[in-house]
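**Student:** dropping the sequence and predicted coords here.
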Amino acid sequence: MLFPSIISRRVEIFKDMFSALSESFFSIFSKLAGKKTITADNIQEAVNEIRLTLLEADVQYSVVKNFIKQVKEKAEGQEVFKNVAPAQQFAKIVHDELVALMGSQEEPLAFKKAPACLMLAGLQGSGKTTTAVKLASYLKKKGSHARPCVVALDLQRPAAVEQLQMLANDAQVDCFSVTGASDPIKVAQNALHESKNKGWDILIFDTAGRLHIDEALMHELASVKEVTAPEEVLYVANAATGQDAVKSALSFSESIGITGTILTMLDGTARAGAAISIRHVTGKPLKFEGIGEKIGDFQLFNPVSMADRILGMGDTINLVRKAQEHIKEEDAQQMQEKIATASFTYDDFLKHSKMMRKMGSMKSLLGMVPGLSMMKDQDIDEKEMGKFEAMVLSMTTKERHERCELHMSRRKRIAKGSGTSLDEVNRMIKSFRQLKEVFKNFSGKKSLQKMLGGLLWR
């Protein structure tokens, strides 16, 4: 459920890593929206714009060239369906090719032995140490009996071991380190031996990085790999470094043989080139993605989800997953029915807003909603929701269930009881009514498609 404050304020384009791509694709599809048919001319114009958009987003040239070729061939050979607009058809072609480029499907980890060994590699600044703990926390939560342990093998960077220990403690996952150690190979061997006593069934080795690739780094990583015999060697790539991340991933792949990539900093201001290019260049799957600073901001990489985000279509896949984790199915069904009939009350809003806040920040959730994913309210403030909840809590039962009119005397009492002003209460009531009007437009698929500019085909 969206917050009323979003509706009553000015919205603008997201300033995150997908902003330029989403805005450009939206512009390209909008130009095609006025065309009655797909022709060679308007296809050529569209693909030329897509080529420029991808190059500006720091996507590798060879990847762009191959992608444009595939899109053009599919579009020129596409039969135009009577009830599908050319813009929708072309958008679907672009979407499908993006999905294919990034791997078509999720590539989860598959363990065959215990303890399963995972080796993380990457340059300094890629977020490798944080990612090690995020991965351990993710595996612990997903596996009913999983007991992962992160192993401190970065003995070069000052305080790297202490950082891993602190993060692991905060995330409540086990961490293995050896005080005063200088040889990562011996630490790895000790961790393997200790796993039998501690019952660790997954070992995640946080290896050393460098500011740049050198022979000493690769020799050390090769030695660690030989000792641990990892089932997965995952390269941790900072998406903010664009093509540099792609080049480094290729070097690591050729030198030590990676099995996949984890993208970090996807919540930053990068140009999305690494997310699109890296699988095509390395030939290895994208496994996971880090989407924020918190330990829980970590998820499986899903090509469909990523294509949706790039095209500004939200992220319904991960939105549903978050909802399934935090909201009971029966509660969701009841809320869906209330939204469909625009019959939800202040009490409903209070109950479900609390559940939604467990799913993440409102800014991140707004970015997952189709049709609103390209927009954000610059002034969205989580504290405002605290005020809203305080106002509702200051209402009587009848007021919460909208069984009486909120006259001025009632509004003044609500303001006094919630520690807010009368103007804030008036704005809250106005925003809530506007929210109801918005949800009336979601009463059917046709109206939903209309709201989303005709870009929904699924």
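**Tutor:** That came in fine, so what should we check first?

**Student:** okay, CA-based contacts and neighbour counts for the rest of this
**Tutor:** Will do.

**Student:** so where is the stretch 101-250 of the chain shaky, pLDDT-wise?
**Tutor:** 144-145 (pLDDT under 70).

**Student:** which stretches in it count as strands?
**Tutor:** For the stretch 101-250 of the chain, the strands defined by DSSP state E, counting those that start in this stretch cover 116-121, 148-152, 174-176, 202-206, 232-238.

**Student:** please parse this structure into its domains.
**Tutor:** 4-11+343-451, 19-101, 116-311 (automatic domain parsing).

**Student:** just name the most buried of those domains.
**Tutor:** With neighbours taken as mean count of other C-alpha atoms under 10 Å, the domains of the chain reach their highest mean count in domain 116-311, at a mean of 20.

**Student:** end to end, how far does that domain reach?
**Tutor:** 37 Å (C-alpha to C-alpha, to the nearest Å).

**Student:** off-centre distance for that domain?
**Tutor:** The offset between the C-alpha centroid of domain 116-311 and the centroid of the whole chain comes to 18 Å, using C-alpha atoms, centre = their mean, to the nearest Å.

**Student:** for F205, list each beta-bridge partner.
**Tutor:** M119, V151 (DSSP bridges).

**Student:** and it, what does it touch?
**Tutor:** Going by C-alpha atoms under 8 Å, 6 or more residues apart in numbering, F205 touches 117-120, 132, 150-153, 188.

**Student:** tell me the two of these that are most distant?
**Tutor:** Pairwise distances among these were taken by C-alpha to C-alpha; the largest, 15.0 Å, belongs to A132 and A188.

**Student:** if we can go back for a sec, could the strands of the stretch 101-250 of the chain go into JSON lines alongside distance to A160?
**Tutor:** Below are these laid out as JSON lines (distance: least, C-alpha to C-alpha, whole Å):
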{"stretch": "strand 116-121", "distance to A160": "14"}
{"stretch": "strand 148-152", "distance to A160": "8"}
{"stretch": "strand 174-176", "distance to A160": "13"}
{"stretch": "strand 202-206", "distance to A160": "10"}
{"stretch": "strand 232-238", "distance to A160": "16"}
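
**Student:** looking at those strands, spot the one closest to K92.
**Tutor:** strand 232-238 (28.6 Å).

**Student:** what angle separates that closest one from strand 202-206?
**Tutor:** If you take axes from the mean of the first three to the mean of the last three C-alpha atoms, to 10 degrees, strand 232-238 sits at 40 degrees to strand 202-206.

**Student:** packing partners for strand 232-238?
**Tutor:** strand 116-121, helix 243-256, strand 260-264 (3 or more C-alpha pairs under 8 Å, 6 or more residues apart in numbering; DSSP states H and E).

**Student:** ok, which of these comes nearest D58?
**Tutor:** Across these, closest to D58 is helix 243-256 (C-alpha to C-alpha), at 6.2 Å.

**Student:** for stretch 401-412, how far is the first residue from the last?
**Tutor:** 18 Å.

**Student:** how about residues contacting it?
**Tutor:** 345-347, 398-399, 422, 425-426.

**Student:** report the mean confidence score over that stretch.
**Tutor:** In this model, stretch 401-412 carries a mean pLDDT of 93.

**Student:** with stretch 56-67 instead?
**Tutor:** Stretch 56-67 comes out at a mean pLDDT of 87.

**Student:** quick revisit: distance to L109 for the domains of the chain - can I get that in CSV?
**Tutor:** Putting these into CSV (distance: least, C-alpha to C-alpha, whole Å) gives the following:
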stretch, distance to L109
domain 4-11+343-451, 24
domain 19-101, 20
domain 116-311, 8
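
**Student:** P108: which of the ones you listed is closest?
**Tutor:** Distance to P108, taken as C-alpha to C-alpha, is lowest for domain 116-311 among the domains of the chain, at 6.4 Å.

**Student:** one step back: with respect to E232, which of the helices and strands packed on strand 232-238 lies nearest?
**Tutor:** In terms of C-alpha to C-alpha, the element of the helices and strands packed on strand 232-238 nearest to E232 is strand 116-121, at 5.0 Å.

**Student:** re the thing from before, okay if I get the helices and strands packed on strand 232-238 as CSV plus distance to Y138?
**Tutor:** Below are the helices and strands packed on strand 232-238 laid out as CSV (distance: least, C-alpha to C-alpha, whole Å):
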stretch, distance to Y138
strand 116-121, 14
helix 243-256, 23
strand 260-264, 13
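
**Student:** so which of those comes closest to D183?
**Tutor:** Checked against C-alpha to C-alpha, the stretch from those lying closest is strand 116-121, at 16.3 Å.

**Student:** and the contacts of that closest one?
**Tutor:** By C-alpha under 8 Å, 6+ apart, the list of residues contacting strand 116-121 reads 128, 132, 201-209, 221, 225, 228-236.
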